[in-house]
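**Student:** Sequence and predicted structure, then a few things I'm wondering about:
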Amino acid sequence: MSKKLVYPALSLLAAASLALTGCAPPASTPAPAAAATAPAKAAAALAVSQPWVKAAASGMTGGFGVLKNTSDADITVTGASTAAARTVELHETAMGADGAMRMQAKQGGFVIPARGELKLEPGANHLMLMGLTAPVTAGADVTFTLELAGGGSFDFTAVAKDFSGANESYVEEEGGAGMSHGQPSSTGSAPGSAPSSTSK
Amino acid sequence: MSAGDQRPAGATADSDETGAPRKLPRRGLLFGGAAAGLGALAAAGAHLSGAGIQQAANTAAADPADNVHGGGVVAFYGDRQAGITTAAQAHGVFVALDLRPGTTRSGVRALLRLLSDDAANLCAGQQALADTEGELARVPARLTVTFGFGPGLVAAVDPARAPGWLQPLPAFSVDRLRPEFSHGDLLLQICADDPLTVAHAQRMLLKDSRSFATVRWVQTGFRRAYGSEKSGTTMRNLFGQVDGTSNPAPDSTDHEHVVWGGGDIRPWVDNGTSVVIRRIAMNLDKWDEVDRVGREESMGRRLSNGAPLTGTREHDEPDFKVVSKLGFPVISDVSHLRRARPEDSSQRIFRRAYNYDAAPGAGGVSDSGLIFVSFQADVDRQFTPIQRRLDEMDMLNQWTTPVGSAVFAIPPGCREGGFVGEGMFA
Ligand code: HEM
């Protein structure tokens, strides 16, 4: 199976680790938080509801749910991982220059606004699992770890559902060049470049 | 343990069309007052397991004069499953599934977890997980989903737990059973006062079933529309008969014993029971040939109000000793009422039937009948003796023919976080 992905395959994990090792984590997020949240606090302030993943035999799939922030400061998810896949990326679905909706790595990670929530759902923001280590069968539990800006992490378990949608996840083998236009002022990423290895 | 507020995110069905991340979302905002309303009501109604109804606040915005009922919620979670003691809703769909060959114990567990979660959400008026038509879930209309286990499912999980009666009923001479209406591994009884709600729940549950099971049969039934008559009115079947009069009334000790066990009749598991589902064709064309007197005689009750022929009001006790001037019993010995009423008071059942009216076959004008649904703690001791007597002699048999038959064990209900049937895995 050729794994040339249509979206710029910037490994968000790599990006995340950059952010994490940087000295001023909050400042590097798109929406600088008013107050830097201590790692443990950020994790404690997060809650997930309706978590699920799309069942898939192999390859890629998506993870979904609603992330809720009960604190007064924004929380930024900078990366994610699970034993079920070699790599997890934070994806958004955005309109490309050609007007088609494409998914792409979410620059700066997912920001869950203070006292607000972020929906991860098919056709929108989602967790992209790549390189499934085993079939994800309906009803199975998949545990995720979210890395949070400023350190700290948040674990949750999602149930696998038999789902026919979320097929944007499976688009493969398409000219990556067009994708770059769809990215609004993406700095620092390498749009349109050959997919970097998604495995660590 | 409120079904209403277990999944805050379910309340966020009001997503904007673009699916773009939104900044504001406070749960209360997203769902109007409904989430809060549900929570409060659910808190007040913790013990409403079956009969209780909570009115979801998503109808509160409507003018009360509109008489909107779609917000009615029957608690899914409870010691006992809902949809049994629950006052019968207007619409019911019965779906029997067959496990795919090779489905393991853990597969069944995964299936039951998924389906219980779907049911809990939908019954609370919230979209299920991965519900692609979540808007349809917002009118629960007293939705209940009741699970029943056939012999195949119990065998796959733990054969030792199968009650002795969990098998096809003995063959009866009146039977003309068709495989497409008989048996099955898993029953989904889906009832609500709104047929669109039922259809959506059915769709959601089947989507989550399809990797584990295939559909064996589906039977769709109805009663009078909600609000057409005062609630509590005994239903009428397509023969025009008042059907259900002598059912043990929910809330009565009688009902408790008949359905959940009592005396020396024990259920297969505490808070469990059984259901027999018989599809019984009613030949309306032949029934047309019978005049009112003949119709009433075959039943032993009046068509006008269901009163016994020896009484005047529906709930008058029949008196089998009363004879006519000619010396014949007023309620015939071979009437359905007489034959169905046992001498042995332990032989009692709780009927919760639905009418069906399918497309007629070639040349006919009707294919109608009753989805006869009977709950009892013990099939062998309560149901089968009655059916045996009716098989031997019952005037009604001239116009009725059982074409489908299935027996399921009904497991207890579950708590939030659990799933229906979990006790079998303990
Ligand atoms: C299409 C088939 C059937 C029709 C149209 C029908 C109709 C009725 C009607 C109109 C009544 C009187 C009112 C009432 O108490 O509900 C009745 C009573 C009853 N029926 Fe049926 N019935 C059917 C099949 C069955 C079957 C298959 C059984 C059980 C094996 C059954 C068991 C009973 C019992 C136990 C009663 C109550 C008798 C009593 O008053 O003690 N019926 N049925």
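**Tutor:** Received, thanks.

**Student:** Quick one: classify residue B:295 as helix, strand or coil.
**Tutor:** helix (DSSP: H, G, I helix; E, B strand; the rest coil).

**Student:** What of the one 3 residues further on?
**Tutor:** Taking three-state DSSP as the rule, one finds residue B:298 in the helix state.

**Student:** How about it: what's its closest non-neighbour residue?
**Tutor:** Nearest residue to residue B:298, sequence neighbours excluded (C-beta to C-beta, 6 or more residues apart in numbering or on different chains): residue B:395, at 3.9 Å. Placement of C-beta: from N, CA and C, glycine included.

**Student:** Got phi/psi on that neighbour?
**Tutor:** Its backbone dihedrals place residue B:395 at phi -50, psi -30, with angles given as degrees, to the nearest 10.

**Student:** ok, now the one 4 residues further on?
**Tutor:** With angles defined as degrees, to the nearest 10, residue B:399 sits at phi -120, psi 0.

**Student:** That one contacts residue B:237, correct?
**Tutor:** No - in terms of C-beta atoms under 8 Å, residue B:399 does not count as a neighbour of residue B:237; the distance is 11.3 Å.

**Student:** Now for the two: what residues contact both?
**Tutor:** Taking C-beta atoms under 8 Å, 6 or more residues apart in numbering or on different chains as the contact criterion, the residues that touch both residue B:399 and residue B:237 are residue B:282.

**Student:** Give me the neighbour count for the residue of chain A at minimum distance from chain B.
**Tutor:** Taking C-beta to the nearest C-beta as the measure, the point where chain A comes nearest chain B is residue A:139, at 2.6 Å. Residue A:139 is surrounded by 23 other residues when neighbours are defined as other C-beta atoms under 10 Å in any protein chain shown.

**Student:** how about the nearest residue to it, chain neighbours excluded?
**Tutor:** The spatial neighbour of residue A:139 that comes closest, neighbours along the chain excluded (C-beta to C-beta, 6+ apart), is residue B:110 at 2.6 Å.

**Student:** which secondary structure element contains that neighbour?
**Tutor:** With secondary structure defined by DSSP states H and E, residue B:110 is part of helix B:105-123.

**Student:** Beyond that helix, next helix or strand please.
**Tutor:** Of the helices and strands lying after helix B:105-123 in sequence (DSSP H and E), the nearest is strand B:144-149.

**Student:** hmm, that next one in reach of chain A?
**Tutor:** No - judged by C-beta under 8 Å from any C-beta of the partner chain, strand B:144-149 and chain A are separated, with a smallest distance of 15.2 Å.

**Student:** and the angle from that strand to helix B:105-123?
**Tutor:** Angle between the axes of strand B:144-149 and helix B:105-123 is 160 degrees (criterion: axes from the mean of the first three to the mean of the last three C-alpha atoms, to 10 degrees).

**Student:** Rounded mean pLDDT for strand B:144-149, please.
**Tutor:** In this model, strand B:144-149 carries a mean pLDDT of 98.

**Student:** Say whether chain A is contacted by the helix or strand following that strand.
**Tutor:** Using DSSP H and E, the next helix or strand after strand B:144-149 towards the C-terminus is helix B:151-157. No - Helix B:151-157 is not in contact with chain A by C-beta under 8 Å from any C-beta; minimum separation 14.3 Å.

**Student:** re earlier: ok now do the residue nearest to residue B:298, which residues does it touch?
**Tutor:** Under the criterion of C-beta under 8 Å, 6+ apart, the contact list for residue B:395 reads B:297, B:298, B:299, B:332, B:334, B:335, B:336.

**Student:** Can you get me a residue count around the last one?
**Tutor:** Residue B:336 has 19 neighbours, counted by other C-beta under 10 Å.

**Student:** Give the closest residue to it in space, chain neighbours not counted.
**Tutor:** Excluding its sequence neighbours, the residue lying closest to residue B:336 (C-beta to C-beta, 6+ apart) is residue B:396, at 4.2 Å.

**Student:** Could you look up the SS state of that neighbour?
**Tutor:** Local secondary structure at residue B:396 is given as helix here, using three-state DSSP.
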